[in-house]
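>>> got a predicted structure plus its sequence, pasted below:
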Amino acid sequence: MTPAGNAFLRALATGWIGYWVTGSRHVEHQAAPPWLPVVLGRLLLDITPLLQRPRLAARLVSGMRVKDPTTSTALREWLERNTHRLARPSGGTGARRLARWAPEALSLLAGLATAVAAPGRHRRRVLAAAEADLAQLEQQAARRSTPLEQVEFVDRILPPATLDLITKQLPAVYGEMLARAGAEWLVRRWLGPSPALEPVRRWPAHDPTVAMGAELARLARAHAEARTEPSAEGPDVRGFLRAYGHRAPDREIDMGLPRLAEDPAYVVELIKGYLRSDAGGDALSRFEAARAPPAPRPTSWSLPCT
């Protein structure tokens with residue numbers, strides 16, 4: 001990570017935590033916080049303030065279990081033995097926090113209602129606003145030519161703009177999570193406590209990642225059967241881009257990455273990758289097997305009579 005990257009992430013993390021504590025999107029320029037030091041060019045995170053709060057500590061252990069079970073287990077065991085040694089955080093009263101959060105909470109609830117009532121329209125508005133904000137940031141960055149101006153842009157302007165961009169998209173994210181929880185509740189009512197729910201969760205109709213993979217596998221199998229090579233000008237690739245060209249790999253991490261429609265060569269290489277990894281073009285069958293209902297389990301067992 002470059003020094004500018006460390007400075008940006010440090011300011012963004014400070015503003016993000018401040019947003020959840022105070023409800024304010026304004027990011028004050030300040031020195032590096034003690035819980036986010038830079039050591040030998042590496043940005044480290046001191047999680048002690050999180051561990052001081054039991055609920056946040058439990059969420060941290062639970063979330064870490066997905067990516068690093070060993071560290072999660074070690075942290076859980078450490079907390080069981082040392083929680084009493086952690087100082088309790090001091091803060092304002094609940095009423096004060098509620099008063100600070102009230103305007104932002106009302107705005108979030110209004111956006112959430114819109115996202116649930118009209119998800120397609122809300123998503124288009126969010127994307128249009130994000131594109132406009134990014135275009136404005138690109139113009140501001142282009143006007144700064146000297147190193148000092150560029151440092152000021154990264155350290156003072158970019159973090160609050162990024163934080164504002166993220167918070168504007170929270171209603172859409174929470175709306176999707178709410179809709180998914182509601183759909184899962186309805187499916188559970190229909191299926192009951194059955195393992196048949198897992199294939200439903202693995203293959204939601206709105207999941208573009210799984211759907212994209214299945215479509216690419218289908219195209220690869222078609223090319224394998226026809227003994228043809230995929231190309232960016234082919235009708236199959238153009239049809240894929242009409243459906244998924246607005247997306248990009250890891251664009252949620254780096255908004256500057258080109259979309260699939262802007263770089264069709266990436267899609268062609270993905271199809272060729274399927275062809276290289278599956279001699280018979282059999283990748284699609286794996287996707288279909290993943291969403292297939294499980295075989296019914298026998299309700300009773302009997303021994304053969306001889």
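It's in. Numbering: from 1, shown residues only.

>>> please list all residues in contact with residue 49.
For residue 49, the contacting residues are 35, 89, by Cβ atoms under 8 Å, 6 or more residues apart in numbering. For every residue, glycine as well, the C-beta is placed using N, CA and C.

>>> can you tell me the helix or strand for it?
For residue 49, the enclosing helix or strand under DSSP states H and E is helix 48-51.

>>> can I get the helix or strand following that helix as CSV, trimmed to CA atoms?
Scanning forward in sequence from helix 48-51 by DSSP H and E, the next helix or strand is helix 54-67. Included here for helix 54-67 are C-alpha records, laid out as CSV according to Å, rounded to 0.1, in the frame of the first residue of the first chain:
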residue,chain,number,x,y,z
PRO,A,54,-19.4,-7.2,24.1
ARG,A,55,-21.8,-7.1,21.1
LEU,A,56,-19.2,-5.8,18.7
ALA,A,57,-16.7,-8.3,20.0
ALA,A,58,-19.2,-11.2,19.4
ARG,A,59,-19.9,-10.0,15.9
LEU,A,60,-16.2,-9.6,15.2
VAL,A,61,-15.5,-13.2,16.3
SER,A,62,-18.5,-14.5,14.2
GLY,A,63,-17.5,-12.6,11.1
MET,A,64,-13.8,-13.6,11.4
ARG,A,65,-14.9,-17.3,11.5
VAL,A,66,-15.8,-17.2,7.8
LYS,A,67,-12.4,-16.1,6.5
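
>>> what about the helices in the stretch 1-150 of the chain?
Taking DSSP state H, counting those that start in this stretch as the test, the helices found in the stretch 1-150 of the chain are 3-22, 48-51, 54-67, 69-82, 94-117, 119-142, 147-152.

>>> what's the most buried one of these?
Mean neighbours per residue, mean count of other Cβ atoms under 10 Å, is largest over those for helix 3-22, with a mean of 17.

>>> burial count for residue 220?
For residue 220, the number of neighbouring residues by other Cβ atoms under 10 Å comes to 24.

>>> could I get the phi/psi values of it?
As for residue 220, its main-chain torsions (degrees, to the nearest 10) stand at phi -60, psi -40.
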